[in-house]
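Participant: Predicted model and sequence follow; I will ask about them next.
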Amino acid sequence: MRFPHILFPFAAVVLPFSFVHPCPARAQEAISPAATSATIAALRKEVAARYVLPDTAAALDKALAGAEARGEFAGLTGEALAQKATEVMHGVYEDGHLSLMYDPAQSALLAAHPMDDDGEQGDMPAEAVRQVALNNAGVLKLELLQGNIRYMDYRGFMWGTPEAEKAMETAMEFLRGGDAIVIDLRRNGGGDADAVAALASYFLPAGTDLMRFEMRGHPGMPTKTHATPFSLAGKPVYVLTSHFTFSAAEEFADHVSAFGFGKLVGENTGGGGFQNTFVAIPGGYVASISIGRAVHAKTGKDWQTVGIAPAIAVEADKALLVAQAEAMDGLAKTGPENERWAAGRLAAFYRAQVSPIDPGHALAGYAGTYGDRVLAIDPAGNLTTSRGGRPPVTLVAVGEDTFVPESSPMQHFRFVTEGGRAVALEVDQPGGLPQRTDRKG
């Protein structure tokens, strides 16, 4: 299994995080030309024998041999050699799961606990078990957002321990209480297909075929969903994606899209549709080599190099706000009658943050004193409100002469204007009547 925070692979390895970036700098020993040659020879052997596409494997081997013959690796050591070898391979085929890394500690662990031809390993090492616990199996945050949207920031599909299963169960129980669900995969680099199946199982019937992994020379058996204590099917689900959403995270995004149990919001994903394995290479190196192809059980397609397209395309940093607006728009139509007005207000608030609204007049025209409330322009140019010596709160325009406080979007501020200048303020409190206050001076 491959995670954003750990490199050491362990049992049930599928669709890992891409480690194309070099590891943090560490002390490097001088390497002789013979040692460099041995490193490249071992890398060529493993790539030629294991890479999922035989023709590409041959081309990769030829490119590495040619680079060595031209002296491109001469004098390079440690991370510099790893980066150059990766660059040469990516010149043949841009595969985010294909790389050489310099990491003597992980190389030694892999040499002691090698992975089999299917990219799987025996018992999970203690170091990996500890990393799963330290990272709460990838569940970074569970948060209640306004409008009873339940949000999960999921950074890695970690699996293989009781702690991982408990983290998933706890997260699902939290999401269960929401009127809408947001699962954030914008910074999720992948992990274990068993974790993907576990998450998908809360949205699909037990026994649903998910993904078949075609290993080199083997068609592979599909992964399946399993029975869960309860189902989240039917709830509005929004899954956030970015260009950094990769590998196993893309698998889950593919299920969302193919089975239609939610909407993808954000950017096209990274395009890492191969399964990889890690191999110890002499000299303290680790090779990540793609050894299988993921094929969706329903569509018969993969996402290698092309990624998964979102249903709602938007910049990654705006995806959460757009998902919140979409969720509230839906609840404004289908939620309980007495809550629809609130959902509508929240939807307008979220959309105004994505696409700012012109209130119709210069903000300075609204500034002034209204009873004990002071409206002013802050150094950033925002209109703010404060009263009773409390810290100012930014107001967000949601319509003509209409604003809401960032901290209380249920509350509406409507200005009465004359000649481009506000003369009165009507504050609409939830559950109460609007209160009008004339402007002083």
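Facilitator: Now that the structure is in, tell me what you want to look at. Residues are numbered from 1 along each chain as shown.
Participant: Could I get the full set of strands for the stretch 251-400 of the chain?
Facilitator: 263-266, 274-281, 285-296, 312-313, 368-370, 373-377, 383-387, 393-399 (DSSP state E, counting those that start in this stretch).
Participant: Strands along the stretch 1-150 of the chain, start to end?
Facilitator: Under DSSP E, counting those that start in this stretch, the stretch 1-150 of the chain gives strands at 99-102, 139-145, 149-154.
Participant: where are the low-confidence patches of the stretch 51-200 of the chain?
Facilitator: 116-122 (pLDDT under 70).
Participant: the helices in it, which residues?
Facilitator: 54-69, 78-92, 104-112, 126-134, 162-176, 193-200 (DSSP state H, counting those that start in this stretch).
Participant: Starting from Ile40, give me the distance back to Leu232.
Facilitator: 49 Å (C-beta to C-beta, to the nearest Å). Quick note: C-beta positions are derived from backbone N, CA and C, even for glycine.
Participant: quick one on the thing from earlier: between the strands of the stretch 251-400 of the chain, which gets nearest to Gly330?
Facilitator: strand 263-266 (10.0 Å; C-beta to C-beta).
Participant: Select, out of the strands of the stretch 251-400 of the chain, the one closest to Ala82.
Facilitator: Closest among these, using C-beta to C-beta: strand 285-296, at 6.2 Å.
Participant: What strands flank that closest one, and is each parallel or antiparallel?
Facilitator: Applying DSSP bridges, strand 285-296 is found paired with strand 99-102 (antiparallel), strand 209-215 (antiparallel), strand 274-281 (antiparallel).
Participant: Now it - C-alpha only, CSV.
Facilitator: The C-alpha coordinates for strand 285-296 follow below in CSV (Å, rounded to 0.1, in the frame of the first residue of the first chain):
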residue,chain,number,x,y,z
TYR,A,285,17.2,3.0,-4.2
VAL,A,286,13.5,2.1,-4.5
ALA,A,287,11.8,1.6,-7.9
SER,A,288,8.1,2.2,-8.3
ILE,A,289,7.0,0.2,-11.3
SER,A,290,3.5,-0.1,-12.8
ILE,A,291,2.6,-3.7,-13.0
GLY,A,292,-1.2,-3.7,-13.6
ARG,A,293,-4.0,-1.8,-15.2
ALA,A,294,-7.3,-0.9,-13.5
VAL,A,295,-10.4,-1.5,-15.5
HIS,A,296,-13.8,-0.3,-14.2
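Participant: neighbours of Ala74, just the number please.
Facilitator: 11 (other C-beta atoms under 10 Å).
Participant: Grab the nearest non-local neighbour of it.
Facilitator: Pro33 (7.0 Å; C-beta to C-beta, 6 or more residues apart in numbering).
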